[in-house]
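1. coordinates only, sequence not included:
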């Protein structure tokens with residue numbers, strides 16, 4: 001479903017849309033305001049699925065280096081032109097293979113601006129472009145402290161392609177998981193097998209994923225998804241649609257000694 005805001009955005013200059021996205025995103029995704037809880041200052045961060053850069057821009061102020069992976073060609077170009085100098089933009093789709101040509105799918109009338117492009121074709125998708133695949137391990141990063149992943153249903157392959165980094169550096173990960181796009185169990189099981197435990201930001205508190213029924217919560221609040229980013233960010237509400245899960249190595253809690 002194309003919202004009115006998305007339709008208007010498709011007719012506005014990229015720079016204007018990007019500025020609005022960066023300004024509004026912390027209200028839409030409050031995890032972005034809680035970097036102190038999980039992202040070590042001065043570390044290296046990876047932003048998988050950069051879109052217009054709301055995460056990359058905030059991470060670049062906190063970290064020594066940010067590697068931003070974005071498969072949509074014109075968005076990758078925009079990020080290269082506008083992100084700070086300590087952000088390196090890599091155009092490609094994060095999977096478990098490097099150098100393959102894969103299809104990236106978009107809804108009707110969208111070229112990636114809505115942020116719902118995916119390697120996994122769904123009923124909303126109408127056309128595609130070929131992009132090159134890559135693994136996060138192939139980027140040659142060392143000392144990674146945080147990874148954010150938004151790949152719309154292709155999480156398992158992207159995580160497999162980062163398995164060496166996860167075992168070696170043990171970074172915190174924030175992974176968008178949505179049961180409406182497919183079962184979230186495989187991604188959770190993969191990370192559990194690597195010694196990670198999940199947390200979700202419910203209200204102002206981080207709570208263990210094991211005690212929070214994420215699919216049931218998403219089923220109750222899915223109607224909010226179809227209201228669009230602008231309305232969700234600006235209209236006060238008592239609940240929100242939670243789709244970001246923070247994974248930390250077992251024994252760590254969000255905020256360290258200040259874990260809530």
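-> Perfect, I can see it now. Since we're looking at a predicted model, the values are computed, not measured.
2. which stretches of the stretch 151-260 of the chain form helices?
-> 155-160, 163-169, 185-193, 214-221, 228-234 (DSSP state H, counting those that start in this stretch).
3. just those helices: most buried one?
-> helix 155-160 (a mean of 22; mean count of other Cβ atoms under 10 Å). Backbone N, C-alpha and C define where each C-beta goes, glycine included.
4. Tabulate the helices of the stretch 151-260 of the chain in CSV, adding columns for mean pLDDT and distance to residue 71.
-> Shown next, in CSV, are these (pLDDT from 0 to 100; distance: least, Cβ to Cβ, whole Å):
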stretch, mean pLDDT, distance to residue 71
helix 155-160, 97, 11
helix 163-169, 98, 19
helix 185-193, 98, 19
helix 214-221, 95, 25
helix 228-234, 56, 20
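5. which stretch among these comes nearest residue 250?
-> helix 185-193 (8.9 Å; Cβ to Cβ).
6. Quick one: distance of that closest one to the chain centre.
-> 17 Å (Cα atoms, centre = their mean, to the nearest Å).
7. rewinding a little: could you save the helices of the stretch 151-260 of the chain as a markdown table and add columns showing distance to residue 199?
-> Shown next, in a markdown table, are the helices of the stretch 151-260 of the chain (distance: least, Cβ to Cβ, whole Å):
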| stretch | distance to residue 199 |
| --- | --- |
| helix 155-160 | 16 |
| helix 163-169 | 16 |
| helix 185-193 | 12 |
| helix 214-221 | 11 |
| helix 228-234 | 22 |
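8. of all those helices, which lies closest to residue 81?
-> Per Cβ to Cβ, nearest to residue 81 of the helices of the stretch 151-260 of the chain: helix 228-234, 22.2 Å.
9. In the protein, where is pLDDT below threshold?
-> Low-confidence segments of the chain, defined by pLDDT under 70: 1-20, 22, 227-238, 257-260.
10. ok, now with 80
-> 1-28, 225-238, 256-260 (pLDDT under 80).
11. Check the gap between residue 240 and residue 108 for me.
-> Look at residue 240 and residue 108: by Cβ to Cβ, to the nearest Å, they are 27 Å apart.
12. between the two, which one's more packed in?
-> Remark: of residue 240 and residue 108, residue 240 carries more neighbours, 17 against 9, as counted by other Cβ atoms under 10 Å.
13. Verify the contact between the more buried one and residue 223 for me.
-> No - Residue 240 is beyond contact range of residue 223, at 11.8 Å (criterion: Cβ atoms under 8 Å).
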